[in-house]
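*Asks:* Sequence plus the predicted model coming up.
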Amino acid sequence: MKSVLIKLLVVQCLAVLCLSQSFDFYYFVQQCDSRQGCCYPETGKPDEDFSIHGLWPNYNDGTYPSSCDLRNSFDESKISDLISRLEKDWPTLACPSGDGLKFWGHEWSKHGTCAESVLDQHSYFQKALDLKGKANLLQALETAGIRPEDGKQYSLESIKDAIELALGVNTFIDCNVDARRNHQLYQVYLCVDSSASNFIECPVLPHGRSCGSKIEFPSFGSDSTHDEL
């Protein structure tokens, strides 16, 4: 009986390990705003900049693993040295306002646990913050003469070209449509290798919402809800 139990434990452990290892690349996703608007986090209004939405393991066929090890729960103490950076670069924009812990815990449980054979909890958040520093989208746009704060509309192609010129890889842009039927930039997807170290050409682009030929950059709102994926 004892040997049977040991074998069952080994099988279970291997199953979790296989789930956490089985991915090909990450989507590194930065966001602007949501269709419904956003609420400021409890720490105050974020900088007028892109913020991290997530670092999501994916397969080359366009599918992705999810919630791979619910026993490895989010532990704030493991990222205590990163909190100030997370508040700045990975703020929660959900309503009602929060401190970010629920958002970060959700991202770890749903996405981070599927890469735990490569990145522990601290490394997962550290890597995402480092990628944010490498992918300075605001600087890339401004270098190309695109200034999100000016309220103008820009062509989708000019925005993609600016980002791809700065980073050397392709990108996918996800848009929302406001009440006036204007297309607004919501999220920018970049692909990253399985070590979460380098940007790569996307093996497959996500199935996001398409953008019109002209899009604008939304400003932060404060009166409704935002989904955390």
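*Replies:* Arrived safely, thanks for sending. From a predicted model like this one, the values you see are computed outputs, not experimental measurements.
*Asks:* from here on, contacts and neighbour counts on C-alpha atoms
*Replies:* Will do.
*Asks:* tell me which helix or strand of the protein sits lowest on mean pLDDT?
*Replies:* Here the helix or strand of the chain ranked lowest by mean pLDDT, DSSP states H and E is helix 2-21, holding a mean of 46.
*Asks:* That one: what's the following helix or strand?
*Replies:* Downstream of helix 2-21, the next assigned helix or strand under DSSP states H and E is strand 25-31.
*Asks:* what's in contact with the very next helix or strand once past that next one?
*Replies:* The C-terminal neighbour of strand 25-31 among helices and strands, as given by DSSP H and E, is strand 51-58. Contacts with strand 51-58, where a contact means CA atoms under 8 Å, 6 or more residues apart in numbering, come from 23-32, 64-65, 89-91, 107, 111-112, 114-115, 128, 132, 194, 228.
*Asks:* make it 7 Å
*Replies:* 23-32, 64-65, 89-91, 107, 111, 114-115, 128 (CA atoms under 7 Å, 6 or more residues apart in numbering).
*Asks:* cool, stretch 175-188 as well?
*Replies:* Residues from elsewhere that reach stretch 175-188 (CA under 7 Å, 6+ apart): 29-35, 171-174, 209-212, 215-218.
*Asks:* Check the gap between the residue at minimal distance from the centre of the chain and Cys39 for me.
*Replies:* In the chain, the centroid-proximal residue (CA atoms, centre = their mean) is Gly54; its distance is 2.1 Å. Note on Gly54: its distance to Cys39, by CA to CA, to the nearest Å, is 18 Å.
*Asks:* where does the chain dip in pLDDT?
*Replies:* For the chain, applying pLDDT under 70 flags the ranges 1-21, 33-37, 219-229.
*Asks:* Okay, strands next: where are they in it?
*Replies:* For the chain, applying DSSP state E gives strands covering 25-31, 51-58, 153-155, 172-177, 183-192, 199-200, 214-216.
*Asks:* burial count for Thr63?
*Replies:* 12 (other CA atoms under 10 Å).
*Asks:* do you know how far it is from Val204?
*Replies:* Thr63 is 10 Å from Val204, by CA to CA.
*Asks:* got it, and Ser117?
*Replies:* For Ser117, the distance to Val204 - CA to CA - is 23 Å.
*Asks:* With Asp150 instead?
*Replies:* Counting by CA to CA, the gap from Asp150 to Val204 is 33 Å.
*Asks:* Neighbour count: those two, which is higher?
*Replies:* Val204 (15 against 9).
*Asks:* got a list of what the more buried one touches?
*Replies:* Val204 touches Asn60, Gly62, counting by CA under 7 Å, 6+ apart.
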